[in-house]
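J.: Predicted model follows, preceded by the sequence.
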Amino acid sequence: MITLLKQEWMKAVKQNRFYIWALLAFIMPIAVLNTLIPAEQQFYAYYYFGGASIIVAIAGSVIAALTFTQEFGYGTIRPLLSRQYSRFEIFISKIVMIIVEYVLVLASAILGTLAGRAIFQMMHGTTGTDIDWQTFFFAQFMDVVMTLFFFAIVLLVSNLAKSSAAAVSIGIVLSVATSVITAITTYLVRFWEPFKWNPFTVQALLSQFNGSKMMNFQLKMYFGADVWVIWLVYIAYLLVIYALTFMIFQRRSV
Amino acid sequence: MSLLELRHVSKSFGSYKALDNVSFNVEPGRIVGLIGPNGAGKSTAMRAMTGLMRFDSGEVIFDEQPVKFSKTKALSKMGNLIEYPSIYPNFTAEDHMKYYAMDSKDPEDIHELMKLTGIDGPNFGKRKAKHFSLGMKQRLGIAIALVRKPKLVILDEPMNGLDPQSVREIRSLIQHLAEKGIAFVISSHLLDELQRLADDVVIINKGKIIRRATMAEFLSEDKAQVKVKTSDNHAMVLAAEAAGWQVKMSEDGEVLITAENGVNAQAVLAKATEANVEVQDIQTGTVNLEDHLMEVLSENSTRA
Ligand SMILES: Nc1ncnc2c1ncn2[C@@H]1O[C@H](COP(=O)(O)OP(=O)(O)O)[C@@H](O)[C@H]1O
Ligand SMILES: [Mg+2]
């Protein structure tokens, strides 16, 4: 397993150069916070890393989409699978590395934001640069947990399609068009109420979870169930989609 | 116990039987040539041997373990290059070697192996694999197949895309490694390519194994042949057939008569005179290897 992780890491660095995403995610908040964002809006801009949250999201989908499809595209899936490892180990090593890369890109965006904030403070004094650390980091943690859902969908598609192009585009569409999908699924709930339990609506609404009583109440009102039940449903969806993806990967002759 | 055993392996794609009850063995240190025309099932057989493809029935045993689709420990001792060399475009040759060497606790010395397979020159160096020619990728693929110190190496048409000089180098490399005890299964659609390399031949056609023999046995089946050019080849063929001889037309308009059961140039001349055919040229010689292979293949398909 350690070997597989090392090999995935080598590909992440040498083949896919994911650090370019990390670099972009670091530089963008520094530039944006110090050129485009006025003092009174600084506080809000930290939550989307001065725009770099889009980079983080796209990086996540591209990394996830390429991890499997690339191996099919290059034909390296054969040497990958004709070794002593089980397909399960290979699958898990890839998922772990996707999450590691994502967290590193995210961490880089956070560092860039903090650096951008520090530079802004040096130039303008501390006006408008308040930050509620707990809320900020909780939001980032929630981001990772919610992104597991996107990864699941992207990986499912990439194992079905085997084509990098299809997987990358669906990944990007999904990661950028959350609001559209949520709008559509939420609209459909009107026609058939139990449809509110569809994975997209569950994920979208749960992603607003922040631990506050107010939010818990709103979630409970909408779903008619306690928040922990909604979490359980979310986790169950994750497990089902990952298991389905693995089954497709597991059965494939190459 | 053989190093690799295929026992009655069958695989269909839809209604097409790509492998039909395929059985053969590979002994340690032997070079086995898997020979058959394009589409015969060579790559499919190799995918079955390496655990890459589910097959419908039969079994593959490698190093006393059944090769399974999901996990086979023994595969750490098998190297392969199936159909095309698979490379990571942004890796250098050395990156590839390091990457695949990680799989083994006791890999080959990477630099030694790179020298041995000829992927250490200035053409390689810091260059990324996406800039390699097919021949360079092919060599890299062979090096990858060797890096884990395998007991068995499976090479699918490894001479494809190589110039004659490289073919000679790869051939002597394989011979050198076989002397050290590594077994090989090497496929080709050209018998000629493996004639001086393989110890054993397995001939496959339309998914069926139609001949298993040592190369020496197979080559000794080489038959003498009488070639005649006549004023009326059609009449000559009819006359030869009437005499019960094995006969066919060559592409350049000669009548080829297999010399067996006492057939020789004199007998052919006599038969021509008898049939009122004027002989313009007559030669005796041996069947060329590819012709012999074609004969074996066509016997099989007329029987099937
Ligand atoms: N995945 C597949 N789906 C359908 N047919 C296949 C597949 N793989 C191979 N075949 C067919 O099986 C036969 C044998 O193919 P292959 O093993 O590649 O031949 P060879 O390597 O001897 O040229 C061919 O007719 C080929 O079209
Ligand atoms: Mg082939």
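T.: Yep, that arrived. Ligands and ions are numbered 1, 2, ... in the order given.
J.: Please tell me how far B:Asp232 sits from chain A.
T.: According to CB to the nearest CB, to the nearest Å, B:Asp232 stands 54 Å off from chain A. (Each C-beta comes from the backbone N, C-alpha and C, glycine too.)
J.: Can you tell me how far the residue nearest to that residue when sequence neighbours are not counted is from ligand 2?
T.: Nearest residue to B:Asp232 in three dimensions, chain neighbours excluded: B:Val277, at 5.1 Å (CB to CB, 6 or more residues apart in numbering or on different chains). Taking CB to the ion, to the nearest Å as the measure, B:Val277 falls 44 Å from ligand 2.
J.: what does the stretch 101-250 of chain A put close to chain B?
T.: By the rule CB under 8 Å from any CB of the partner chain, the part of the stretch 101-250 of chain A lying against chain B is A:Gln250.
J.: Tell me which residue of the stretch 101-250 of chain A lies closest to chain B.
T.: Of all residues in the stretch 101-250 of chain A, A:Gln250 sits closest to chain B, at 6.8 Å by CB to the nearest CB.
J.: roughly how far apart are the residue in the stretch 1-150 of chain B that ligand 2 sits nearest to and B:Met49?
T.: Distances between the stretch 1-150 of chain B and ligand 2 by CB to the ion are smallest at B:Ser43, namely 3.2 Å. Distance, B:Ser43 to B:Met49, using CB to CB, to the nearest Å: 11 Å.
J.: ok now do residue 61, which residues does it touch?
T.: Looking at chain A here, since you left the chain open. Taking CB atoms under 8 Å, 6 or more residues apart in numbering or on different chains as the criterion, A:Ser61 is in contact with A:150, A:154, A:168, A:171-172, A:174-175.
J.: if you could check chain B rather than the one you did, that'd help
T.: Each residue near B:Ile61 by CB under 8 Å, 6+ apart is listed here: B:2, B:4-5, B:7, B:67.
J.: Bridged to B:Val26, which residues?
T.: As for beta bridges, B:Val26 partners with B:Leu4 under DSSP bridges.
J.: pLDDT at it, what is it?
T.: For B:Val26, the model assigns a pLDDT of 96.
J.: need the contact list for B:Val153.
T.: By CB under 8 Å, 6+ apart, the contact list for B:Val153 reads B:78-80, B:145-146, B:177, B:182-185.
J.: if we go to 7 Å?
T.: B:79, B:145-146, B:182, B:184 (CB atoms under 7 Å, 6 or more residues apart in numbering or on different chains).
J.: ditto for B:Gln175
T.: Taking CB under 7 Å, 6+ apart, one finds B:Leu197 in contact with B:Gln175.
J.: from the stretch 151-300 of chain B, which residue is nearest to chain A?
T.: Counting by CB to the nearest CB, the stretch 151-300 of chain B gets nearest chain A through B:Ile154, at 8.9 Å.
J.: which parts of stretch B:219-233 are buried?
T.: For stretch B:219-233, a neighbour-count test (16 or more other CB atoms under 10 Å in any protein chain shown) marks B:225-230, B:233 as buried.
J.: what about it, distance to the chain center?
T.: 26 Å (CA atoms, centre = their mean, to the nearest Å).
J.: circling back to that earlier point, got the contacts of B:Ile61 as CSV, with neighbour count columns?
T.: Formatted as CSV, these follow (neighbours: other CB atoms under 10 Å in any protein chain shown):
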residue, neighbour count
B:Ser2, 16
B:Leu4, 24
B:Glu5, 19
B:Arg7, 15
B:Val67, 22
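J.: ok, those residues vs A:Lys6, which is closest?
T.: B:Val67 (25.5 Å; CB to CB).
J.: doesn't B:Val60 make contact with the closest one?
T.: Yes: because the distance of 4.2 Å satisfies CB atoms under 7 Å, B:Val67 is recorded as touching B:Val60.
J.: overlap in contacts of those two?
T.: Common neighbours of B:Val67 and B:Val60, using CB under 7 Å, 6+ apart, are B:Met49.
J.: for the chain, what spans make up the helices?
T.: All of this is about chain A. For chain A, the helices defined by DSSP state H cover A:2-10, A:19-35, A:39-45, A:52-74, A:77-81, A:87-124, A:133-161, A:164-176, A:178-189, A:199-206, A:213-223, A:227-251.
J.: look at chain B instead
T.: Under DSSP H, chain B gives helices at B:42-49, B:93-101, B:110-116, B:134-146, B:164-179, B:191-195, B:215-220, B:233-242, B:265-274, B:289-303.
J.: what's the closest of those helices to ligand 1?
T.: helix B:42-49 (3.2 Å; CB to the nearest ligand atom).
J.: returning to what we had before: ok now do the residue of the stretch 151-300 of chain B closest to chain A, which residues does it touch?
T.: Contacts for B:Ile154 (CB under 7 Å, 6+ apart) come out as B:46, B:49-50, B:78, B:80, B:82, B:185.
J.: Could you find the closest non-adjacent residue to it?
T.: Nearest to B:Ile154 is B:Asn80, by CB to CB, 6+ apart, at 4.1 Å.
J.: and the gap between that neighbour and A:Ile110?
T.: 44 Å.
J.: Have a look at these two and say which one is more surrounded.
T.: Between B:Asn80 and A:Ile110, counted using other CB atoms under 10 Å in any protein chain shown, the more crowded position is B:Asn80 (25 against 20).
J.: Could you check how far the more buried one is from B:Ser166?
T.: Using CB to CB, we find B:Asn80 at a distance of 20 Å from B:Ser166.
J.: Same check on A:Ala183?
T.: 60 Å.
J.: More neighbours: these two, which one.
T.: B:Ser166 (16 against 12).
J.: okay, the more buried one: pLDDT?
T.: 86.
J.: Wait, it touches B:Lys137, no?
T.: No: the pair B:Ser166 / B:Lys137 is not scored as a contact, 11.9 Å apart, by CB under 7 Å.
J.: ok, of the buried residues of stretch B:219-233, which one's closest to ligand 2?
T.: Comparing the buried residues of stretch B:219-233 against ligand 2 with CB to the ion places B:Gln225 closest, at 30.8 Å.
J.: That closest one pairs with what?
T.: Beta-bridge partners recorded for B:Gln225 (DSSP bridges): B:Thr258, B:Gly285.
J.: which residues does the residue in the stretch 151-254 of chain A positioned nearest to ligand 2 contact?
T.: Going by CB to the ion, ligand 2 is nearest to A:Val254 of the stretch 151-254 of chain A, at 14.2 Å. Listed by CB under 7 Å, 6+ apart, the contact partners of A:Val254 are A:77-78, A:81, B:52.
J.: Out of those, who's the most crowded?
T.: The residue in the contacts of A:Val254 with the most neighbours, by other CB under 10 Å, is A:Leu81 (24 neighbours).
J.: Just to check, it is in contact with B:Thr50?
T.: No: contact status for A:Leu81 versus B:Thr50: not in contact, 8.4 Å apart, counting by CB under 7 Å.
J.: Settle this for me: A:Ala167 is touching A:Thr67, isn't it.
T.: No: A:Ala167 is beyond contact range of A:Thr67, at 9.2 Å (criterion: CB under 7 Å).
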